[in-house]
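Colleague: Pasting the sequence and the predicted coordinates here, then a few questions.
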Amino acid sequence: MNAHILEKLNEQCPGAVELANEYRGELTVVVKKSELVAVCRVLRTDPALQFDSIRDICGADYYRPDDRFEVVYNLYSIPQKVRLRLKVRVDESDLHVPTITGVWTGANWMERETYDMYGILFDGHPDLRRIYMPEEFEHFPLRKDFPLMGIPGSLPLPRK
């Protein structure tokens, strides 16, 4: 099935796949940021694939000079009983990724969480605002350069 997924993606979105890796039977596909929405539409609508469930979206901070961040999409096809991990690399100088809420509406809150924790902006998102931290909070707690003890005085704490 994994070879079939790659074949379909290369056929319908030529040049979109940057890297593909299979480990223990699960496929991970790294796609170009500019092709993300097109790839997601193929995965969702192609009758042979039917990735009808988005299970999770999360960020990863590798704290390296190029492509510091990744956005990871965990997809599942209920009819095919297949998992797929889709990744998009994001450079620190351009923290924009297109939203996929038009493909899977369930991506809404997951993209908001990724924005709130990593500062990755999802272009076209219907309501991109913080979900855990206050709107005026200027930092992103899951970045590798965020201090483990937090930033003193950055959040007003309630009085006793």
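Modeller: Nice, thanks for sending it over. Numbers count the residues shown, from 1 in each chain.
Colleague: Could you list the low-pLDDT ranges of the chain?
Modeller: By pLDDT under 70, the weakly predicted segments of the chain are 157, 160.
Colleague: Which stretches in it count as helices?
Modeller: Listed in chain order, the helices of the chain (DSSP state H) span residues 2-12, 36-45, 107-118.
Colleague: how about those in JSON lines, adding distance to residue 29 and mean neighbour count?
Modeller: Backbone N, C-alpha and C define where each C-beta goes, glycine included. As requested, the helices of the chain are exported to JSON lines (distance: least, CB to CB, whole Å; neighbours: other CB atoms under 10 Å):
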{"stretch": "helix 2-12", "distance to residue 29": "7", "mean neighbour count": "15"}
{"stretch": "helix 36-45", "distance to residue 29": "8", "mean neighbour count": "19"}
{"stretch": "helix 107-118", "distance to residue 29": "17", "mean neighbour count": "21"}
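Colleague: quick one: contacts for the most centrally placed residue in the chain?
Modeller: For the chain, the residue nearest the mean C-alpha position is residue 71 (3.2 Å; CA atoms, centre = their mean). By CB atoms under 8 Å, 6 or more residues apart in numbering, the contact list for residue 71 reads 57-60, 87-88, 90, 97, 114, 120.
Colleague: and of these, the nearest to residue 129?
Modeller: residue 114 (12.7 Å; CB to CB).
Colleague: Please name the residues that touch that closest one.
Modeller: Residues near residue 114 by CB under 8 Å, 6+ apart: 57-59, 71, 120, 122.
Colleague: In space, what's closest to it - neighbours in sequence excluded?
Modeller: residue 59 (4.6 Å; CB to CB, 6 or more residues apart in numbering).
Colleague: Do I have it right that the one you found meets residue 112?
Modeller: No - counting by CB atoms under 8 Å, residue 112 is not a contact partner of residue 59; they are 11.8 Å apart.
Colleague: Going along the chain, name the strands of this structure.
Modeller: 17-23, 26-31, 53-61, 69-77, 82-90, 96-98, 121-123 (DSSP state E).
Colleague: can you redo those strands as a markdown table with distance to residue 8?
Modeller: Shown next, in a markdown table, are the strands of the chain (distance: least, CB to CB, whole Å):
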| stretch | distance to residue 8 |
| --- | --- |
| strand 17-23 | 11 |
| strand 26-31 | 11 |
| strand 53-61 | 18 |
| strand 69-77 | 12 |
| strand 82-90 | 11 |
| strand 96-98 | 20 |
| strand 121-123 | 25 |
